[in-house]
Every structure is written in structure tokens, then in C-alpha cells.
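Enquirer: Got a predicted model here, sequence first, then my questions.
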2 protein chains.
Amino acid sequence: MSSPRSSSCCPSSRSTSPSGSPRTPPPAAASEPYPGGAVGRAPPPGVVFDCGVRQNKPPDDPLAALLDRVRVRLRDLTDGEPASYIPELSRADPDLFGLSLCALDGQVYSCGDCDVPFTVQSVSKPFVFALALADRGLEDVLARVGAEPSGEGFSSIRLEPGTGRPPNPMVNAGAIVTSSLVAGASAEERFTRILAGLSAFAGRDLTVDGAVFASERSTGDRNRALAYLMHNAGSLTGDVEEQLATYFRQCSVLVTCDDLAVMHATLAGGGTNPLTGERVVAPRNAQHVLAVMATCGMYDASGQWMLRVGLPAKSGVSGGIGVALPGQFGIGVFSPPLDEKGNSVRAIAACHLLSEQFGLHLMRATGSSVRPLPPRSLDPGPLRSLRHRPRDQRAALDERPDRIRVHVLQGDLDFATAEQTLRAARDLPQAAGWFVLDLARVGRIEPVAADLLRALGHDLRERGIRMVIADPSTRPVTHTDDEFADLGSAVESCEDELLTSLGLDPAAPVPLTRSDLFGKAGDAAASAVSDCFGTLSLPAGRTVEPPRAEPVVLWYVESGRLAVCAHGSRAAPPGRTWSAGPGAALTPADFHARLGQRVLAEEDSVCRTLTAAGLLRLRAAVPAAAAFLERSPLDGAETVDRPEGA
Amino acid sequence: MSSPRSSSCCPSSRSTSPSGSPRTPPPAAASEPYPGGAVGRAPPPGVVFDCGVRQNKPPDDPLAALLDRVRVRLRDLTDGEPASYIPELSRADPDLFGLSLCALDGQVYSCGDCDVPFTVQSVSKPFVFALALADRGLEDVLARVGAEPSGEGFSSIRLEPGTGRPPNPMVNAGAIVTSSLVAGASAEERFTRILAGLSAFAGRDLTVDGAVFASERSTGDRNRALAYLMHNAGSLTGDVEEQLATYFRQCSVLVTCDDLAVMHATLAGGGTNPLTGERVVAPRNAQHVLAVMATCGMYDASGQWMLRVGLPAKSGVSGGIGVALPGQFGIGVFSPPLDEKGNSVRAIAACHLLSEQFGLHLMRATGSSVRPLPPRSLDPGPLRSLRHRPRDQRAALDERPDRIRVHVLQGDLDFATAEQTLRAARDLPQAAGWFVLDLARVGRIEPVAADLLRALGHDLRERGIRMVIADPSTRPVTHTDDEFADLGSAVESCEDELLTSLGLDPAAPVPLTRSDLFGKAGDAAASAVSDCFGTLSLPAGRTVEPPRAEPVVLWYVESGRLAVCAHGSRAAPPGRTWSAGPGAALTPADFHARLGQRVLAEEDSVCRTLTAAGLLRLRAAVPAAAAFLERSPLDGAETVDRPEGA
């Protein structure tokens, strides 16, 4: 027998296949469907179950190393004994100890004995509860089993007065009922569904340990008593022995520590298996299962568990514990010796250490003060896009700095960030007509934040203010037309609207002869100036190539629009930097290879071009115009700010 | 009597003062410390308690409007009756209904009857538990009261066999014990501490309703029985009647719905009051209180509550419910009519609606698939800073594209993002010597992520790779010297190290005569070329101003370093864009007002400057050199890529 993943201390990228069995299951379980005594069987001499630890070589991945540090620190914790109430379990090797973590994209980090098969026992309960929820719906299931912590141990016999319902699906009585609620016309069909469901959670075909099943069935007096009590109370229906057999078989399914991590990652990810991509249950089902695990998963230690560890978890009598951090990952821990409450001593300790060291407690306040950059409005002064515009339009925008406001957000967009944005919107100047939200630096957007932004957009519309979103991702935020791929386009759009409202047409062609490139000097000799320029027609979508043969020193946009786009392979992500509309000029600097830029005609455009030779002709023909142009040849915009003739 | 915050439908920015009483308390409570029957007293005719609702005017803030929509939808829910077991409570106005939300920066959103005082009752329990934890520590408190849900109602009489401990601090028995554990030499001192503590949580001075106190004391048979049972079992010490009086007085403290929101925001924010900034208890205390609220806060409905609402909460018999979302906000709801379990009917319904509509359930999986941009390595091709370098150094960097890798992160940095970064680091090319992490677009950094990045840095160091952080915020991430304010500086630093390791000195001066500006044409006539340039010495920190009188067409850096910094008032946040070291050239385009840039000498630098007149002299003196320069006058870097003479 050899381990299929002997390098288990390193993260293993498991390949997935549509056949549903992405991983080779441990050979013992695969070749012998009911391998008596597989649980806790010590590895044959010479077989390496994990590359690093038995050879005292640290794992070569930092995350696996962090996990392994926890494992090594707790390895010598020798309290407790393997479960004794099922004879097969009492023979487990007390030295076995594995720790696995599965991220939501299916990456599994393992250390220690993560490939050793053991029976899943009570760790099956949340998953069968999930299947029952998927098959019957929450209300139907809750009519038969409660969702309240009982304050008692796993074999609690307390049933709800009146209804006879067991308190919750995490104690044995409740789990027997939930097993009976899984879809299927017969006990055999129900178990087929359960085994297929557990396999879907694990991302590989699981099998049953026949010896443990036989042992549980012959010694399960307490569970048998519970089942008959519930049958008497009416909360368990059907053939009692058949329902019990289904439950005992469910508990005898063989899993590994890695399986537990994957199964809990499936819950943490909203019901979709991160290895296979299969949607095993709906997000709502997974949410409800985690909630019940949070209050009832650790039996009569559930309160202490939430207090000290703060994560939904489920333990089993074979020594396994599974933990899920919603939206983040699943953890599996396996070590057979149990404490007096029936929980694995080392696994409990490992969960405490991981929660503490990694700051995973669900009730931990990560205050918004941790944010490096609070949402901020760009202020003060005129907020302008990087669109080149003719002089009169620039002046019109400069005179109205309060009309368009930009608000920049960074980090994940949760309630707090959205609420601060609402406040910024409330403090908008009286004159504001456009409110631009820059989401380029925002990560995930929580539904509550999207709701609030939508409400804000609606509210602002009623105040006569248009809210515009700039977001390079394709996610819809407000589901309106007011979403742009970048801040520049968003602000340009607002400026265009503002200019239009002032009677200025931002798209109207501006012939060279009416440009502000030459100051007053050009007015008198418009035709002579124009003769020095060439004409270039660019269809929409064309990239503008500066000609090498005869260098162009100036591109003037008469109509249409050019955009300067940053190249994506340098330090800045790709994107549109700024644009030039009618009346704007570009220089060779705008084609700067240094900044990885390229210039693109966004619309059908007409450019007037000035070559070096043309410039010489201009100097000769209209010296004053050439002088004006050359004094600030590289930035048409600057001429606005400079007193003419300076 | 007039309402101090009559515009309570709009968010109220409460001012804070060091005197500890930032808000004017409701006049009734302020002027009459023990105003009999204040609870539920109907407002005098004509008094407007909230601006919007009674006049059917929608609130003018989108968040308050969302809250108000919930309130209006549930206003007509008329099930239930005000509490009857305390005579004073049974007289409450059943129509009262308020809803408040307090964000972690102290902004309060209210709608409905949020200023009406009522007695806090059981909602005091988590806060007094917090004070006991602060005064005694977790272990001492847990020795006297458990942390397990009891599966029974608020007046559960079940005590732990053996210890006699009440099950948890949220049921009456447990709360009587926690009240007795607050620091103080006498009952009077303990109550003084409790009242001051509750006031600190609320951010204003609270008072006691004397009539309710008297009523509770004279009718609290069940609580009296509990106290004597616990005294008999040894879990309650001291004078039983005194301890009971402290508890009854604690329950009779007057609060408003707004107060509940602020108190729970204090817990959600890790123990610091968002209004006053006062640290009332430690973050650990707050975390533990929220955990116990999550499993025990709603008595024998706690499991259902976690299942359906998914938030830590506490209800009181006067009709209040407080809810905390860790790290986000606190909510207060108030409506006197109770269901058969003793919880406010409308408040319960409001919490369900808010959780559902806002997606607040703690067990909801917000999968990492929601992220718009997964962490990405910039690839393929050479990764280069925007530092201008001389030709030989550029060539050396171009030949080694695999040595420096950049990894860009966006959104909040949690476990999942950090784990993906670790994976990217594992896939680094064999030749990699530097790994640059760009955190400029990262919001908050979870402790687990910082831990993982630190571990990664250590791990990479052992592999001979230097990890470098680029982060414009001042937070320390790895606590090493390898943190830079921007990506450009970070990559430059790596390039400098790489060049140094190759025997090239990136800081060594490159005299103009050894520059690559003139191709082979300059080599023969170095001195003639040099004579056409002026010399400009710039001390470190000096901003370079392009002279207006005689335009400079080229700046050449012989020694030192110039940096081009973006201006902060435009659409892009401020920051260093790129820099120019020895051997690099700048053109007027680099002083582009359009991009809001300025050029700064970062070190003592010597520039050679070419004016328009100098260029004319150069054309005359060394025509080939001038031609080479002018063919690509604006981008020295490009000359590398072009075949010479093309």
C-alpha cells in the first residue's frame, strides 16, 4: 500500500474531472469496499504518509508550514483515549494526527496523517442535514427537528414537549430524523442519495467501512432507544430499524482529513464544491447548516466553542473535527484520542490555536479604522477629466468647480463604506449636478452596499443629481446606464452633459482656424496657418501611429475623439488614460513608449498634423503664430492659465 | 415637552464632548430622575417625535429611508401585548415603534419613536457581562456562570449539577450572578459602576426609572427564588436582597432606541464607543460578549435566531432588541408588544427583514468569486519601473525579465487573498530574485493575511528571493525595511539591487558625453556637443521649474535623481509617477500641466539643459548628433528599441 499523495505537506493541486472522482481514493478503501478495521490502521513500515514531518523536514510552503507548526506543537498532547463505545473505533492508532485546509478555489494544504481513512461519524450530520434541506425545504425539515441547542450531550434523549421533535440535527436523535428526511422511496434509495451527497461534498466517491457499520449496528443500544422513543412520539416515521440502519451506514462512511477540509470548504463557499465546481446544495441551505453548526455543532460545549473559537464546527467520535469560515475556507482535523465529552483532544486544541493565531473569530471587530484610506472626495479645486477641450469649454468647466464631484473608494465595499459614501453624497455642494463614484480600487461589493448605492442613486436623481459609477470590472452595481469602465470616461460624460446644458456642444468640430493654438496671432492669417498642416482621417477603432519618416510635431483634433490608452504590461494596469476631443492637440509625448501608451481613435476623427517641415514653413509664413505655438507647444491646456504674451 | 432631536428621521450628527454627555437626554428623564410611568407614555398631542413618519413625509436620507421602509411595512403588525408581569410595563403604548442604526464612526440613523425612554431590562445583560469580564477576566467570570445555551426561557431555573452555576449570563439567573461580579466593595459601589458603565456604552448619562424599579422589586418572586437557589448552591455570594436590588435597578435604567443602537455599535466596534471615542471595555471582552449573545442571547429561540437572522442579539421584556454586526454597526429596535416568548413582535420582524434585505447573515458565503479582479501577476514581458536609465542598464534589465516579479492585489486582504498570493509566490520563475507586492489598491488587511505575508517574506528570503511591499498607506505590513510608498520606488529599488549585483552602479554619474542621446554621432564630437548645453545644479527637495524666458527643450540628468510626481487634486490620487536617474533625459512634456505633474529633485542632482538656442547651435556644430537627438527627442528610452540609423 502506498499513499496516493505522499507529498501531502505541500499543497496539492487536485485535478478535477467531470466523472466526479477527481482524486484517487486511498487504495485500501478503493479495492476493498468494506475493509474491516481500516480506521486508524497504522501505516506499514517504510510508507511515508507525509513528506515533511516524519523526516523532520519543514514543509516548503509557508501556509502548510504555519499549519504544520500548529500540528507539531500539539503532537505531544497525549491526553484522551480513542472512542470505546464502538469496538472498531477503540483500535485506532492514538498517534495519528492530520490537519488540512481547503481554500475556496480548491487548493488543499495538508500536514500529517491527512490521507488516513476513518469513519465520518457525527461529522456527517451537517451534510445530511444539508441534503434534507435541499430535498424538503427549511420549514418541512424544521417541522420534524428543532434548531435549538439542547444544553445536553450528543446522545441527549430530550424531545420537545408536545411535538416530540428532537432539539436539533446535530445530536444523534435529530440526525436520525434528518437521515430519514432525505429524498428516496426506500431506505436503500435514501442511503444511495446520502452516499452520493457526501461524495459530492468531498469531491470524490466515498465508500462505507462495513466492519464499523456492523459494529455500530450491533452495539447502538442508545441510538436504538432514541429512535423508538421518537417513533413513539411521532417525530420519526417509517420502519425504525431501516431508519437506524441508514443512520449507522451514514456514520460508517470512510473519509480522510483532506475530505473533511473539502466538505467544509463546500459549506463555507455556499454549497459549491471548490474541487469539482459542483453545486451540491443551494447557498441558502449551506447558510442554514452553518448557523445550526454555530449554535449546536459542539453539543453541550457549543457556547464555550463560540466563545473561545468563534467558528461553526462539528466533531465526530472517530476523532475528526470539521470547521468552516464562511466565504473563506474549510478545515479538517483528525486525531483519535477523545476528551470526556467525546471530542478529539488534539483537534480541539488545534482549532483553538488556529482561531487565535489567525484571528478567525467571527465576533472579532475589525474596525473600519484599519482601513488605510477612508473613502474620500477629491477636493478642493476644479475636478476635470483628462479630456482635452477647446478654450471656451475649459473656461466653462473651470468656472463651475462644484458641479461635478468625484468620490474615490478603496477596499471591499461593505455596509460601513457604503454608509460613508451616502454621507459624502449628503454633503455635496448645493450646486452639484453629478456625483461620480470611482470603484476602480474596490474589491468585492457586499449586497447591502450595492443596495445602498442603488438607493443613493435613486435619492440623488430626485435631488436632480446624476450618480455615475466608474468601475473597470464588468459587474453591474446599480443596473443603470450610468456605469463606465474608467473614471476618465465617467467624468468626461458628466462634463459633456454640463457643457451641453450650458449650450456648448462638446462634440462639435472645431476647425484649426478656430483653435486657440496660435493666440491672437493666428486669427489674422488663418488660411496661411492652415496651409502648413496636413490632414489625417482616422476611422473609429484605428490606432494612431506616429510616422517615422517625417516626424509630426503636433496632432490637432478637428472632429471626433482620440483616446490615450495605457499599455497593460507595465506597472500600471491597462486602461484609458485620457482623451482628446475637437479643439485639442496631441504631441509626440502623448505617444510616449516610456509610459507604454497608445493612441486610439474612439470615433471617426479628423486630425490636422504639423510636421517638422510644416513648422519651418509656419515660422516663415506667420512667425507670431509659430512663436505662440512653440512657446507652449506641448500643452494646449496650459495656454488658458497663462496670460497671453507672457 | 419637545423632542430634542425632532428631526430623527434624518441622520443626526451628534457632537461629542469630554464631559461625557454628548446628547441632551430626553427632558423627562433629565428633569425627573425617577419619572414614574415614563415607559411607553404616549406623546402629548401635537408633539412630533420624528419628522417624517407621523407626517407621512419620507426621510430625506437614503439609509434612513431604507430603515423607514422596514418600519412602515411592520407598523401595522399588531400581534402581541406589552409585558404584563411588571405592572409598570403593561401600561406601555403598543403603537410605539422605533428603529435606529449606529455606524462605527458614530453616525446615528433613526426613524420612528427613537427618543422615547423605556427601561432597558434584559438588554442590560450583555453590557453588565462585559463590565464583569473587564473587572474580573474571563476565567473568573466563567467559574461562576456558564456560557452554554440552556434550551430554556429567560427565567430558567436550571443550574449546572455539581457547580450550581447558572447556564449563561443571558438568562436571569446568570445575569444576577454577573451583576454581583462587577467591581465594587458594596452594592452601592457596584451599582454606581454598572450605571456608569451602561452610560459609557450609550455615550450619555443614563438614569433609573424609580417606579419600574419599585415595581420590579416588589413583584420579582421568580428572580428572588432564583437568587436564593443560587445562594444555596454557592454560585451567588453576598447578601441576596442586595444583589437582587442591584439587578432590579440595572433592569430599570432608562434608555432610548437610539441608545440601544449606540450601545451595540460599541460592542460591534470592539468595545470603543463610536460617539465619545471612549474605550469602555477591551476588544477581547466585546468579542466574548458577542459570542455569548450569538448562542444564548435569544434564550430558547437562540438557535432559530442564528438560523434565520444570523446576528448576535439581545431582547428585553420592555420591547427593545439590540443587534450588533461585528466590525460594522449596532441596531436598536423598540416596540412594546411581546410574543409568547417575551420578545417584541415588531422588533423581531424588523431584525428578520433587515438581515434578509441587507444580506447581513454571519454565515452567508460571500465567495471570492465576487471579487472583480483576482490577485494577478503582471505578465508577460519585462517588468520595469518607470525609472529612466542609461542604455547599458536598460539592456541589462531587458535581458533579465524573470528576475523581478510584480503581484498586484485589490480589495480587502483576507485569508483567501493572502493564500492566493502565497500560491503566486510558489509559481515564481526559477530565476526570480525579487517579488514585489503592490498593495496600493488594498483596503483593510486582516491579521491572518498580514501573518501569512510575513511568513511568505521569511520563506522567500530562505529561497534567496527578496519580498518588497508597495503600499501608500503608513501601516506596517511585514515590519521590515522592504516597504515602499509606491510601486515605482519599490521596483526601482529591486532594479538597483539587480544592477548592482551585475556590477553596474545605478547611482554612478553619467556625464553627457557618455550618454546615449546622440548615438554614435556624439562620440566623435563630445566636447562640441557638451558646449551646447547649460548646467543646472539642483539641491535635494527642489522643484524643477521650466524657465519661461528661454525654453529648455531637454533636461539631461548627469547625477542624482529627479522624480515626476502627479498632482493630487485631479482625478488620480497624488503620488510619484516615475523618476529619472543618471543617464536619463526629460522633455517639456514631463512638466505637463495637463497631467498635473511636477518634477522634484529627490537627491542633489546635476542636470545639463538644452535650450532652443542651444539646439540651433548643436544643429550647426554637430548636425548628425542633433539629427539623432531630434529623431526621437522626446523619449530617450525609445532609442534602445530602434535600429540605429532607421
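Expert: Yep, it's here.
Enquirer: And the helices in the stretch 501-646 of chain A?
Expert: A:519-523, A:526-531, A:612-621, A:623-631, A:638-641 (DSSP state H, counting those that start in this stretch).
Enquirer: out of those, nearest to A:A173?
Expert: helix A:638-641 (80.8 Å; CB to CB). C-betas here are computed from N, CA, C, even on glycine.
Enquirer: for the record, mean pLDDT for that closest one?
Expert: The average of the pLDDT scores along helix A:638-641 is 30.
Enquirer: ok so, going back, I'd like the helices of the stretch 501-646 of chain A written out as TSV, with mean neighbour count added.
Expert: Output for these, formatted as TSV (neighbours: other CB atoms under 10 Å in any protein chain shown):
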stretch	mean neighbour count
helix A:519-523	17
helix A:526-531	15
helix A:612-621	16
helix A:623-631	18
helix A:638-641	15
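Enquirer: Throw these into CSV and include distance to chain B, thanks.
Expert: Listed next are those as CSV, based on distance: least, CB to the nearest CB, whole Å:
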stretch, distance to chain B
helix A:519-523, 15
helix A:526-531, 20
helix A:612-621, 8
helix A:623-631, 7
helix A:638-641, 5
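Enquirer: Select, out of those helices, the one closest to A:R364.
Expert: helix A:638-641 (51.7 Å).
Enquirer: Look at the residue most central in space within chain A and tell me its secondary structure.
Expert: Nearest to the geometric centre of chain A sits A:R444, at 6.5 Å (CA atoms, centre = their mean). Three-state call for A:R444 (DSSP: H, G, I helix; E, B strand; the rest coil): strand.
Enquirer: what do you get for A:A450?
Expert: helix.
Enquirer: Show the model's pLDDT score for it.
Expert: 85.
Enquirer: That one: what's its closest spatial neighbour, skipping adjacent residues?
Expert: The shortest distance from A:A450 to any non-neighbouring residue, by CB to CB, 6 or more residues apart in numbering or on different chains, is to A:V477 (5.8 Å).
Enquirer: again, but for A:T513
Expert: A:A526 (3.8 Å).
Enquirer: Would you check that the residue nearest to the centre of chain A makes contact with A:G411?
Expert: No - in this structure, A:R444 is not within contact of A:G411 by CB atoms under 8 Å, at 9.5 Å.
Enquirer: who touches both of these two?
Expert: When contacts are counted by CB atoms under 8 Å, 6 or more residues apart in numbering or on different chains, A:R444 and A:G411 have B:G411, B:D412 as shared neighbours.
Enquirer: follow-up on the earlier one: give me every residue that touches the residue nearest to A:A450.
Expert: So A:V477 contacts A:L439, A:I445, A:A450, A:L453, A:R454, A:I469, A:D471, A:E483 (CB under 8 Å, 6+ apart).
Enquirer: Please repeat the previous calculation with a cut-off of 10 Å.
Expert: Residues in contact with A:V477 (CB atoms under 10 Å, 6 or more residues apart in numbering or on different chains) are A:413, A:437, A:439, A:442, A:445, A:449-450, A:453-454, A:457, A:469, A:471, A:483.
Enquirer: And A:P582, by the same measure?
Expert: A:388-390, A:393, A:505-511, A:514-515, A:556-561, A:605-606 are the contacts of A:P582 under CB under 10 Å, 6+ apart.
Enquirer: What subset of those residues is buried?
Expert: Buried members of the contacts of A:P582, counted by 16 or more other CB atoms under 10 Å in any protein chain shown: A:388-390, A:393, A:506, A:510, A:515, A:556-561, A:605-606.
Enquirer: before we move on, the earlier item: any idea which of the helices of the stretch 501-646 of chain A gets closest to A:A350?
Expert: Nearest to A:A350, of all those, is helix A:638-641, at 64.8 Å by CB to CB.
Enquirer: Now do the strands in the stretch 201-350 of chain A.
Expert: With strands called from DSSP state E, counting those that start in this stretch, the stretch 201-350 of chain A shows them at A:254-255, A:313-315, A:320-325, A:329-334.
Enquirer: Mind checking the ones you listed for the one nearest to B:S215?
Expert: B:S215 sits nearest to strand A:313-315 of all the strands of the stretch 201-350 of chain A, at 43.9 Å, using CB to CB.
Enquirer: Present the helices of the stretch 501-646 of chain A as CSV; the columns should include distance to B:F358.
Expert: Formatted as CSV, these follow (distance: least, CB to CB, whole Å):
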stretch, distance to B:F358
helix A:519-523, 58
helix A:526-531, 62
helix A:612-621, 63
helix A:623-631, 58
helix A:638-641, 47
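Enquirer: Nearest to A:V345, out of the ones you listed?
Expert: helix A:638-641 (74.2 Å).
Enquirer: tally of neighbours for A:S186?
Expert: 12 (other CB atoms under 10 Å in any protein chain shown).
Enquirer: isn't it right next to A:S180, touching?
Expert: No - at 11.8 Å, A:S186 does not count as touching A:S180 under the criterion of CB atoms under 10 Å.
Enquirer: related to what we said a few turns ago, looking at the buried ones among the contacts of A:P582, which gets the smallest pLDDT?
Expert: Lowest pLDDT among those: A:H388, 65.
Enquirer: My guess is A:T480 contacts A:I469. True?
Expert: Yes - A:T480 is within contact range of A:I469, at 8.2 Å (criterion: CB under 10 Å).
Enquirer: which of the two has more neighbours?
Expert: More crowded of A:T480 and A:I469, by other CB under 10 Å: A:I469, with 20 against 15.
Enquirer: Much appreciated, bye for now.
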